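S.K.: Okay, here's the prediction I keep looking at, along with the sequence it came from:
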Amino acid sequence: METLIFGAGGMGRAIEAAILDRGWPAPHILGRPAEGRHDSATIPVVDVVFEASLGPAVAANLTAALAAGNRAFVIATTAWEADRALVASLLVGHGATAVAAPNFSLGVALFARLVEEAARLFGPLEAYDPFLVEWHRRTKVDRPSGTAKELARRILAVHPRKRRLVAPDRDGAPEPDELDVAVVRAGASPGMHLVGFDAPGETIELRLTARDRSAYAAGALAAAEWLLAEPRAPGLHGFDPIVDALVARGSVGGSGVGPAAEETRTTGAVAAAALPAPDPHASEVAR
Ligand SMILES: NC(=O)c1ccc[n+]([C@@H]2O[C@H](COP(=O)([O-])OP(=O)(O)OC[C@H]3O[C@@H](n4cnc5c(N)ncnc54)[C@H](OP(=O)(O)O)[C@@H]3O)[C@@H](O)[C@H]2O)c1
């Protein structure tokens, strides 16, 4: 599997480490371009392009990679929501496909489903007030994190009283229909998300703490395998069909990639074929 990574920060390097661990050829890595944007003439054509740079760079990086001839993308970068429609139309226009997710950790994907279920359970009980806390390293640029936004989106979608997030920098108590999201930027944390339900006599907390970026990278590689396993509809896809496939084959071990990773290491072959055929509805262009 020939790969290219946009972004040589923590996430780009974690994807590189996972690729080497799987026995795939060393990826091409492109960091911040000297001229402000990448020149398509200098971009290699590969099986899958991983985007792990910064939100404002996503549309330009994809444009250059598409112009070079690339057609399969895994977009791990966050904070590019404003360009989502543009990116989707660029992909469709080139017959290209991408899996995009603010968090590629299998644990986080299942955690998000747990959070949604918890919001469904506690929602009807007025005494249990939901809240969200996220903590990332001091240098993370976007806030709240893409994962926190996704967790909040899921809570708001099912909670009977919460309709919107508390506006940032506003004084005073939240309105009854507002969900409070607290953001901490300190130290080196690769990511902590806590969803709580607070009542007069008790607090219920669901907490996920990342120790490093390896789980994110493992999921990004699983998304690459899913993309190449069979033809996918052009456009943007979410992580859910990959999560379903990983759970179905029981790959919920340490690195999140399980037996297929082992196969790849010993045979040198791409493990794409190991993924079961996805639910045809799940492969529809997402969101
Ligand atoms: N989906 C997931 O599972 C997941 C997990 C972790 C992180 N993320 C996201 O992935 C992105 C990267 O995270 P990170 O922790 O690696 O951040 P980071 O350490 O800040 O690294 C970002 C890197 O991208 C470089 N860059 C800037 N513009 C670029 C361009 N046009 N082309 C290529 N590279 C460019 C930056 O260069 P400079 O050093 O010159 O600024 C920096 O080295 C963030 O959006 C983060 O939220 C997603």
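M.R.: Nice, I can see it. Residues are numbered from 1 along each chain as shown.

S.K.: domains in this structure, as residue ranges please.
M.R.: Domain assignment for the chain by automatic domain parsing gives 3-104+214-249, 106-211+254-266.

S.K.: okay, the ones you listed in JSON lines with mean pLDDT next?
M.R.: Below are these laid out as JSON lines (pLDDT from 0 to 100):
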{"stretch": "domain 3-104+214-249", "mean pLDDT": "97"}
{"stretch": "domain 106-211+254-266", "mean pLDDT": "89"}
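
S.K.: show me what contacts Val158?
M.R.: By C-beta atoms under 8 Å, 6 or more residues apart in numbering, the contact list for Val158 reads 116, 119-120, 123. Every residue, glycine included, has its C-beta placed from N, CA and C.

S.K.: which of those residues are buried?
M.R.: Buried subset of the contacts of Val158 (neighbour count, 16 or more other C-beta atoms under 10 Å): 116, 119, 123.

S.K.: of all these, which comes closest to His237?
M.R.: Comparing the buried ones among the contacts of Val158 against His237 with C-beta to C-beta places Glu116 closest, at 19.7 Å.

S.K.: quick one on the thing from earlier: deepest of the domains of the chain, which one?
M.R.: domain 3-104+214-249 (a mean of 20; mean count of other C-beta atoms under 10 Å).

S.K.: how long is it from one end to the other?
M.R.: 25 Å (C-alpha to C-alpha, to the nearest Å).

S.K.: Mind checking if that domain is in reach of the ligand?
M.R.: Yes. Counting by C-beta under 6 Å from any ligand atom, contacts between domain 3-104+214-249 and the ligand involve 6-12, 30-33, 52-55, 57, 61, 76-79, 101-104, 216.

S.K.: Could you check how far the residue in the chain that the ligand sits nearest to is from Pro241?
M.R.: The chain approaches the ligand most closely through Gly9 (1.8 Å), counting by C-beta to the nearest ligand atom. Distance, Gly9 to Pro241, using C-beta to C-beta, to the nearest Å: 27 Å.

S.K.: re the thing from before, ok, the residue nearest to the residue of the chain closest to the ligand when sequence neighbours are not counted to Val133 distance?
M.R.: Excluding its sequence neighbours, the residue lying closest to Gly9 (C-beta to C-beta, 6 or more residues apart in numbering) is Ala52, at 7.1 Å. Between Ala52 and Val133 the distance is 25 Å, computed by C-beta to C-beta.

S.K.: One more: Thr78?
M.R.: To Val133, Thr78 is 18 Å away according to C-beta to C-beta.

S.K.: And the helices in the stretch 51-200 of the chain, which stretches?
M.R.: Applying DSSP state H, counting those that start in this stretch to the stretch 51-200 of the chain gives helices spanning 58-68, 84-93, 106-122, 146-158.

S.K.: Tabulate these (TSV), appending distance to Gly235.
M.R.: What follows is the helices of the stretch 51-200 of the chain, written out as TSV (distance: least, C-beta to C-beta, whole Å):
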stretch	distance to Gly235
helix 58-68	12
helix 84-93	5
helix 106-122	20
helix 146-158	19
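
S.K.: Tell me which of those sits nearest to Asp129.
M.R.: The nearest among the helices of the stretch 51-200 of the chain, by C-beta to C-beta, is helix 106-122 at 9.0 Å.

S.K.: Thank you, goodbye.
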